[in-house]
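Engineer: Next comes the sequence, and after it the predicted model I'd like to discuss.
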Amino acid sequence: MPQPHIDVRYVANLARLALSEEEVAVFQGQLDAILGHVETLSQVDVSGIEPTAHPSPVFGPMRDDEPHTSLPASGLLQNAPDQAQDQVRVPKVVADA
């Protein structure tokens, strides 16, 4: 199977990058090497391997989502910049119709 090829000048044009001829030569060689490695990896037999998002189990520090009941409602709003009737007031974001 022939090795895949991506033209660096074409990609640079899409990204609006101005590359010199020296940069094109360097990046083309690097990109061809990367695509060669990807081609090698695509030939590996993975038929018996279960697909996963992570190679090892991921455990995050999760806690129950419970409201604070030890403080009165006014205590929870003490740092709010604008409040009224135990609620945070925010500026109006909808234009009048």
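Structural biologist: That came through fine.
Engineer: What strand or helix carries residue 54?
Structural biologist: Following DSSP states H and E, there is no helix or strand that holds residue 54.
Engineer: Could you list which residues are in contact with it?
Structural biologist: Going by C-beta atoms under 8 Å, 6 or more residues apart in numbering, residue 54 touches no other residue. C-beta here means a position set from N, CA and C on the backbone, and glycine is covered the same way.
Engineer: Distance of it relative to residue 36?
Structural biologist: 27 Å (C-beta to C-beta, to the nearest Å).
Engineer: residues contacting the spatially most central residue of the chain?
Structural biologist: Closest to where the C-alpha atoms of the chain average out (C-alpha atoms, centre = their mean) is residue 53, at 14.1 Å. By C-beta under 8 Å, 6+ apart, residue 53 lies in contact with nothing.
Engineer: next one: residue 18
Structural biologist: Contacts of residue 18 by C-beta under 8 Å, 6+ apart are residue 12.
Engineer: Local confidence estimate at it?
Structural biologist: With respect to pLDDT, residue 18 scores 95.
Engineer: go on, residue 39?
Structural biologist: 90.
Engineer: How about the helix or strand hosting it, which residues are buried there?
Structural biologist: Taking DSSP H and E as the criterion, residue 39 maps to helix 21-42. By neighbour count on 16 or more other C-beta atoms under 10 Å, the buried set for helix 21-42 is 27, 28, 31.
Engineer: Touching, the last one and residue 8? I think so.
Structural biologist: If I follow you right, that is residue 31. Yes: here residue 31 reaches residue 8: they are 6.0 Å apart, a contact under C-beta atoms under 8 Å.
Engineer: Confirm residue 12 sits in a strand?
Structural biologist: No: according to DSSP: H, G, I helix; E, B strand; the rest coil, residue 12 belongs to no strand; its state is helix.
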